[in-house]
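S.K.: got a sequence here, can you model it:
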Amino acid sequence: MESGQQVSSERERRVVRFVPYLLIVGLLLVVAISNPIIAAIGAFVTTVLFVLHLLEEQRARKSWEAYVERISIQVEDTGQDALTNMPIGILLYDEETHVTWFNDPMREIFDDLAMGHLLLDLDPLFVEMMATDEDQATLEIGESVYRVFSNRENRTFYLFDMTEEAQVEQQLVDNQTVIGVIYLDNYDEMTQGIEDQLRSELNSRVTQLLNHWAADHGTYIKRTASDRYFVVTTEENLRILERTKFSILDIVRDETSQRGVQLTLSIGIGCGSDAIPILGQMAQSSLDLALGRGGDQVVIKRDGKVRFYGGKTNPTEKRTRVRARVIANSLRDLMQESSRILVMGHRNPDMDSLGASIGILKLAEMNDKEAHIVLPDAEIGQGIRRMMSEISKDEKLESRFINSFQAEQLVDDQALLIIVDTHKPSLVVVPALLDQFERMVVIDHHRRGEDFIEEPVLVYLEPYASSTSELVTELIEYQPTNEKLSMLEATALLAGIIVDTKGFTIRTGSRTFDAASYLRSQGADTVLVQEFLSQNLETYVEQSHILERTEIYKAGMAIATAEPGVIHDQVLIAQTADQLLSLQGIRAAFVIAELQDGRTAISARSLGEVNVQLIMETLGGGGHLTNAATQMTESIITVADELRQAIDRYLEDETKGEEIE
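M.R.: Residues are numbered from 1 along each chain as shown. As a prediction, the model looks like this:
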């Protein structure tokens, strides 16, 4: 259509050029009637002019055609040169992804490039872009960075060298500000009562160690209090510190131990592209998280993600009970302001969760408040059935247990929810209840994880404690009333302590014995506790079958895998792990088995040399240094493979830490 219009336009221009000659011919015909001689002369002159005009037009047309031809050749040569020599890699391929053509810059990018090569042999990225219909991607080859563009219609890839831009961008990232806060976890407790000269030496030595560490890593550090330091560094320096696994934790711990006072550090770091004030808030919240996990570790927050380093030692028991007294007073005030109180533990409750819940019931009763424990029948497992059987003999206490439907009917604006023995919203008995309460309290003894109940009005999280039952017992001791615990209440709390300490052998401090002594004075029945914890022959045989399938994986790590398809109780799995740990030469014990709900559980135990919490956290779980667990949706075989990989990573990090030291 367009070509036809151009031809028509050209004809019109020719007709317009001939119009003057046609007019002259007409005029000469008129003149010829009266004067033929003049008409003849005019015709001759007109003919000459017409011929000259045609010759000039032909010359101009040939000149234009020559010009166009010259320009076409130049454009063709330029295009060929551009395809061949421009600093853009160009590659063509056929339907079978074989290379059909490439230019010189592409040959420089891939040294062994040749016609017929498969794209997959050059780099899998090309095939991935074709499979996912991606138009562009980034390709790194050695120290060079390329932006790859794909034109699927022409089967062409274009590679633009972005190395300089990437270097500038990386430099900007490397120079981003990182803010940190360093805290001496147990400074007040460890320096209390020591001589001023030794305290001064410790202060000087710790400050000297931190200053040397900061200077070696291009970091600014400033002491802001006797137990707190402010840190400013860059992303580049932070990456170096992460590669060393923050060896300063071990250095300070070892150096101060040689002086008879073991001090540990907790470090909170905020980094990323956020504004400076937000980085400062992230650093403080990271420090709070590190302290909530027991200290002696580093927590780094970046763009909503959290990383942990350290945490290899048990948290130090606090010598002072000031915090327990303050929490007891605050909790009493909250209870008195509430219309009613609901208590909730974790799924598959154990003795500690149930004992702490009963202790909170007693606290509410001491403050003349109505309280209930949320425990649906489906959550009552074999491990606590003996205790529930004993509770059923006490009508008043039994009436305080309600299911999730009954709990929803009791919720109002002034109701208070107290969560015990967990701080993770995904682990509570009825997660849906969390959204219905405006005020919540968390009482727990597990190391704090990233997943935490949102905006509780009060948090009592003490990783040094043996159990939540121990914490609740201390809160009861600080109530102003002289009302005594019943035998069953005291026994339930004591059972929680005994279970979590494995009979006062693990995570047991002086305050653990103080709490147990108080409960015993209140009438706790140790014989009844043993009845709660006793096993029947069927359970013992079930444990034996699991232990038969034990393998010593690496470095004293024992893994017992139950038979696939056989359902086991969560408490039995934990007890089997305890039993496995008692065997000689076992540094850490892991028991894997299927639960009633179809998930696969892992119970992990150690004597303190191995931090099973770190291993379980990589698998989505958590717990303590010596006692941790997780639940996964994969099969037993898959979970066992993932556990071995997690153990390998832990042992690799452990080896790196020894090399750094």
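S.K.: could you list the domains of this protein?
M.R.: Residue ranges for the domains of the chain, per automatic domain parsing: 2-79, 88-167, 183-310, 322-533, 537-660.
S.K.: out of those, which gets nearest to Val173?
M.R.: domain 183-310 (5.7 Å; CB to CB). Where C-beta positions appear, they are placed from N, C-alpha and C, glycine not excepted.
S.K.: quick one: mean pLDDT for the closest one?
M.R.: Taken as a whole, domain 183-310 carries a mean pLDDT of 87.
S.K.: do the same with stretch 611-620
M.R.: Rounded mean pLDDT across stretch 611-620 is 88.
S.K.: give me the contact list for that stretch.
M.R.: With contacts defined as CB atoms under 8 Å, 6 or more residues apart in numbering, stretch 611-620 is touched by 308, 311-312, 447, 449, 588, 590, 602, 604-606, 622-632, 642-643, 646-647, 649-650.
S.K.: with stretch 181-194 instead?
M.R.: With contact meaning CB under 8 Å, 6+ apart, stretch 181-194 is reached by 199, 202, 206, 210, 221, 226-231, 261-269, 283-284, 286-287, 290-291, 295-296, 316, 318-320.
S.K.: that's a helix at Ala589, yeah?
M.R.: No - looking at Ala589 with DSSP: H, G, I helix; E, B strand; the rest coil, it is strand, so not inside a helix.
S.K.: test my guess that it contacts Ala558.
M.R.: Yes - with contact defined as CB atoms under 8 Å, Ala589 and Ala558 form a contacting pair (5.0 Å).
S.K.: looking at those two, which one has more neighbours?
M.R.: Ala589 (27 against 21; other CB atoms under 10 Å).
S.K.: what's near enough to touch the more buried one?
M.R.: 558, 560, 577-578, 580-581, 604-606.
S.K.: same question for Ile300.
M.R.: Contacts of Ile300 (CB under 8 Å, 6+ apart): 238, 242, 269, 271, 286, 306-309.
S.K.: generate a ChimeraX selection restricted to the buried subset of those.
M.R.: Buried subset of those, written as a ChimeraX selection, criterion 16 or more other CB atoms under 10 Å:
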select :238,269,271,286,308,309
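S.K.: check the burial of Tyr540 by counting its neighbours.
M.R.: 12.
S.K.: how about the strands of the stretch 201-350 of the chain, start to end?
M.R.: 220-225, 228-234, 265-271, 297-302, 305-310, 341-344 (DSSP state E, counting those that start in this stretch).
S.K.: how about TSV for the ones you listed, with distance to Tyr93 added?
M.R.: Listed next are the strands of the stretch 201-350 of the chain as TSV, based on distance: least, CB to CB, whole Å:
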stretch	distance to Tyr93
strand 220-225	53
strand 228-234	43
strand 265-271	42
strand 297-302	40
strand 305-310	38
strand 341-344	61
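S.K.: and Asp94, which of those strands is closest to it?
M.R.: Using CB to CB, the nearest of the strands of the stretch 201-350 of the chain to Asp94 is strand 305-310, at 43.2 Å.
S.K.: the closest one vs strand 297-302, what angle?
M.R.: 160 degrees (axes from the mean of the first three to the mean of the last three CA atoms, to 10 degrees).
S.K.: partners of strand 305-310, with directions?
M.R.: strand 297-302 (antiparallel) (DSSP bridges).
S.K.: centre of the chain to the partner strand, how far?
M.R.: Per CA atoms, centre = their mean, to the nearest Å, the displacement of strand 297-302 from the mean C-alpha position of its chain is 11 Å.
S.K.: got the CA positions of it in CSV?
M.R.: The C-alpha coordinates for strand 297-302 follow below in CSV (Å, rounded to 0.1, in the frame of the first residue of the first chain):
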residue,chain,number,x,y,z
GLN,A,297,26.2,-14.9,71.2
VAL,A,298,25.8,-12.5,68.3
VAL,A,299,22.5,-11.7,66.6
ILE,A,300,22.4,-9.9,63.3
LYS,A,301,19.3,-8.4,61.8
ARG,A,302,19.2,-7.5,58.1
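S.K.: what's the angle between that strand and strand 265-271?
M.R.: 10 degrees.
S.K.: list the buried residues of strand 297-302.
M.R.: Buried positions in strand 297-302, judged by neighbour count with 16+ other CB under 10 Å: 297-302.
S.K.: now the buried members of the contacts of stretch 181-194.
M.R.: Judged by 16+ other CB under 10 Å, buried ones among these: 199, 202, 206, 210, 221, 227, 229-231, 261-269, 283, 286-287, 290-291, 295-296, 316, 318.
S.K.: just to revisit the earlier point, return the subset of the contacts of stretch 611-620 lying in helices.
M.R.: Mapping those onto helices (DSSP state H) picks out 642-643, 646-647, 649-650.
S.K.: OK, contacts around Arg155?
M.R.: Taking CB under 8 Å, 6+ apart, we find Arg155 in contact with 92-95, 100.
S.K.: in a markdown table, list these along with distance to Glu594.
M.R.: Shown next, in a markdown table, are those (distance: CB to CB, whole Å):
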| residue | distance to Glu594 |
| --- | --- |
| Leu92 | 55 |
| Tyr93 | 50 |
| Asp94 | 52 |
| Glu95 | 49 |
| Thr100 | 55 |
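S.K.: just these: which are in strands?
M.R.: 92-93, 100 (DSSP state E).
S.K.: I only care about these that end up buried; give me the ChimeraX line for that.
M.R.: Burial among the ones in strands among the contacts of Arg155 is assessed by 16+ other CB under 10 Å; the matching ChimeraX selection reads:
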select :92,93
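S.K.: of all the ones in strands among the contacts of Arg155, which comes closest to Arg439?
M.R.: Looking across the ones in strands among the contacts of Arg155 and measuring by CB to CB, the closest to Arg439 is Tyr93, at 64.6 Å.
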